[in-house]
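[1] Take this sequence and fold it.
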Amino acid sequence: MSDVTTSATQSRIQNPLILTVIPLLILFAAAVVLFRMSVDDMAGTYKYWEIFVPAVAVLSLFSGWHQCQMLGQDRIWYVLRQFIHWGAVIAVLYLFHIAGFRELLNDQQYTVILLGILAVATLLEAIQMDYKLVLFSLFIAFCAYVLFMPEGNPGLMMLGNLFGIDEPASHPVTVVGILGVIGFILSLGVHWLIPRDRSARKADRSKQKPPATGQTRSAPSSSSQPSSSTSAATPAGAA
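    Now for the predicted structure:
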């Protein structure tokens with residue numbers, strides 16, 4: 001078991017930092033910055049959220065690369081699934097403009113819908129290809145929830161009181177910033193704990209197979225020894 005833990009630790013040390021920590025850091029930091037810009041000026045920020053969607057697609061490609069290697073998945077199929085997944089998300093946003101739905105929504109409504117689509121897309125990405133993004137998808141969903149109900153938001157009040165912030169309704173950026181830091185740290189914890197458990201179980205299953213094969217092969221040899229002794233004793237009795 002110690003060999004499995006050591007090999008898992010060595011694989012993480014050899015894994016480039018850009019594939020683990022940096023994508024998550026950029027995602028959470030950029031989301032907090034965009035949220036603050038949305039609170040100050042909703043009309044001039046939704047375009048940056050639109051640019052953020054393909055940025056999330058690129059960063060999630062790098063973020064899930066290590067999981068693809070840990071699970072031994074086909075890299076070409078992994079990249080292809082990423083293109084199909086995020087291509088569909090960008091196509092939906094493009095249809096919003098082509099079909100004229102964007103003109104029917106004000107800036108706040110469109111931003112909330114945009115963040116809702118991004119949260120769902122990131123959650124599906126996390127379930128299928130990169131589990132570290134689960135907390136980021138929940139964080140984006142909370143940002144959409146606060147922007148949808150900026151005044152008297154019960155979730156914002158609850159977290160603000162939990163973090164010890166006076167009048168959290170007047171400091172939504174502070175609450176979201178603290179929540180982003182917590183989400184980033186917990187996402188790193190998910191990255192360091194879950195792959196080790198999976199690799200350990202996979203190694204245990206591979207170690208259990210050779211003894212079972214050896215036992216089935218040794219059974220005929222043990223049973224053949226009495227037969228040889230019996231055959232040797234038969235001529236002696238006859239003599």
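[2] and whatever helix or strand Gly180 lives in, what's its mean pLDDT?
    Per DSSP states H and E: Gly180 is located in helix 172-238. Per-residue pLDDT over helix 172-238 has a mean of 61.
[3] ok, now stretch 128-146?
    Here the average pLDDT along stretch 128-146 is 91.
[4] May I have it exported as PDB, CA atoms only?
    Written as PDB, here are the backbone C-alpha positions of stretch 128-146 (Å, rounded to 0.1, in the frame of the first residue of the first chain):
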ATOM      1  CA  GLN A 128     -17.900  13.400 -17.200                       C
ATOM      2  CA  MET A 129     -14.200  14.600 -17.400                       C
ATOM      3  CA  ASP A 130     -12.900  16.700 -14.500                       C
ATOM      4  CA  TYR A 131     -14.500  16.300 -11.000                       C
ATOM      5  CA  LYS A 132     -12.400  19.300  -9.700                       C
ATOM      6  CA  LEU A 133     -14.800  21.700 -11.500                       C
ATOM      7  CA  VAL A 134     -17.900  20.600  -9.400                       C
ATOM      8  CA  LEU A 135     -17.300  23.400  -6.800                       C
ATOM      9  CA  PHE A 136     -16.600  25.900  -9.500                       C
ATOM     10  CA  SER A 137     -19.900  25.200 -11.200                       C
ATOM     11  CA  LEU A 138     -21.700  25.600  -7.800                       C
ATOM     12  CA  PHE A 139     -19.700  28.900  -7.300                       C
ATOM     13  CA  ILE A 140     -20.900  30.200 -10.700                       C
ATOM     14  CA  ALA A 141     -24.500  29.200  -9.900                       C
ATOM     15  CA  PHE A 142     -24.300  31.200  -6.600                       C
ATOM     16  CA  CYS A 143     -23.000  34.200  -8.500                       C
ATOM     17  CA  ALA A 144     -26.000  34.000 -10.800                       C
ATOM     18  CA  TYR A 145     -28.300  33.700  -7.800                       C
ATOM     19  CA  VAL A 146     -26.900  36.800  -6.200                       C
END
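[5] In it, which residues are buried?
    By 16 or more other C-beta atoms under 10 Å, the buried positions in stretch 128-146 come out as 129-146. C-beta: built from backbone N, CA, C; applies to glycine.
[6] what's in contact with that stretch?
    For stretch 128-146, the external contacting residues (C-beta atoms under 8 Å, 6 or more residues apart in numbering) are 24, 27-28, 31, 35, 60, 63-64, 67-68, 78, 81-82, 85, 111-112, 115-116, 118-120, 122-123, 125-127, 153, 155-156, 172, 176, 179-180, 183, 186-188, 190-191, 194.
[7] among these, which ones are buried?
    24, 27-28, 31, 35, 60, 63-64, 67-68, 78, 81-82, 85, 111-112, 115, 118-119, 122-123, 125-126, 153, 156, 172, 176, 179-180, 183, 187-188, 190-191.
[8] among the contacts of stretch 128-146, which are in strands?
    Using DSSP state E to define strands, no part of the contacts of stretch 128-146 is located there.
[9] What ranges does this structure have for its helices?
    Taking DSSP state H, the helices of the chain run over residues 2-14, 21-40, 46-63, 65-70, 75-98, 107-128, 134-148, 154-162, 172-238.
[10] average pLDDT for stretch 85-103?
    For stretch 85-103, mean pLDDT rounds to 90.
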